[in-house]
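# Provided below are the primary sequence and the corresponding predicted coordinates.
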Amino acid sequence: MGNTRINMKKLNLTISLESYANDAELSVEERDLLASARKATYKSYAPYSKFHVGAAILLEDGTVVTANNQENAAFPSGSCAEQSAIFWVGANYPEHKIKTIAVIARPSGGDNFRGVSPCGACRQAMLEYENRQQKSIRIIMLTSDNQILISESIGNLLPVKFDEF
Ligand code: THU
């Protein structure tokens, strides 16, 4: 028998996401951003995974920055789309605030887009920028059945995050 932990309490964390059946309810700005992310997948360099990820970032002044995953023969040396994009913003627009990020994926050899949600490292990287600008960043993703998911902040996607304790 294990120890009885009489002081243990369970903490149940919940996150909420906006879900839309299609992009009709998105703002024009959000739809355009998703289209930019889609377009960015075509410049991805993903000969190893054959999985092309595109990210588009809308700054508060209306500037849109796009990037994609860039792989390497030494697999861990590659860069995810979201990190490529957010670090580009950090490098070139350090004083600008980010409003929204869109991310989407496309397997090689066709135009069939599919959903992807950012990996843990990308979440942490984007969270840094959310904290830095002290304003939440909205993130638009797709589900695998092409519904649209929106999180009102990056922090929302990373419960029990590194900066929280
Ligand atoms: N990838 C991204 O670009 N973003 C993520 O959030 C996770 C994964 C890339 C890395 C690699 O080039 C490919 O997708 C397959 O894992």
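Ah, there it is.

# could you pull out the strands for the protein?
With DSSP state E as the criterion, the chain has strands at 18-20, 51-59, 64-68, 98-107, 138-142, 148-151.

# among these, which is nearest the ligand?
With Cβ to the nearest ligand atom as the measure, strand 51-59 is the member of these nearest the ligand (3.4 Å). All C-beta spots, glycine's among them, are computed from the backbone N, C-alpha and C.

# is the ligand within reach of the closest one?
Yes: applying Cβ under 6 Å from any ligand atom, one finds strand 51-59 touching the ligand at F51, V53.

# start at 17, not 1
Got it, first residue is 17 now, which makes that one strand 67-75.

# that strand: which residues count as buried?
F67, H68, V69, G70, A71, A72, I73, L74 (16 or more other Cβ atoms under 10 Å).

# return the list of helices and strands in contact with it.
In terms of contacts (3 or more Cβ pairs under 8 Å, 6 or more residues apart in numbering; DSSP states H and E), strand 67-75 is packed against helix 44-56, strand 80-84, helix 97-108, strand 114-123.

# tilt between the longest one and strand 67-75?
Yep, that's helix 44-56 we're talking about. 140 degrees (axes from the mean of the first three to the mean of the last three Cα atoms, to 10 degrees).

# what does the third one give?
Between helix 97-108 and strand 67-75, the angle comes out at 40 degrees (the same axes, to 10 degrees).

# just want the angle from helix 97-108 to strand 154-158.
150 degrees.

# the second one now?
Here the directions of strand 80-84 and strand 154-158 differ by 50 degrees (the same axes, to 10 degrees).

# who does strand 80-84 pair with, and is each partner parallel or antiparallel?
When pairing is defined by DSSP bridges, strand 80-84 lines up against strand 67-75 (antiparallel).

# let's see the partner strand as CSV, backbone CA atoms only.
What follows is strand 67-75, C-alpha atoms only, in CSV (Å, rounded to 0.1, in the frame of the first residue of the first chain):
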residue,chain,number,x,y,z
PHE,A,67,5.4,18.5,-43.3
HIS,A,68,5.2,22.2,-44.2
VAL,A,69,4.2,24.5,-41.5
GLY,A,70,3.3,28.2,-42.1
ALA,A,71,3.0,31.0,-39.5
ALA,A,72,1.8,34.5,-40.0
ILE,A,73,2.0,37.3,-37.5
LEU,A,74,0.0,40.4,-37.5
LEU,A,75,1.5,43.4,-35.7
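
# no further questions, thank you.
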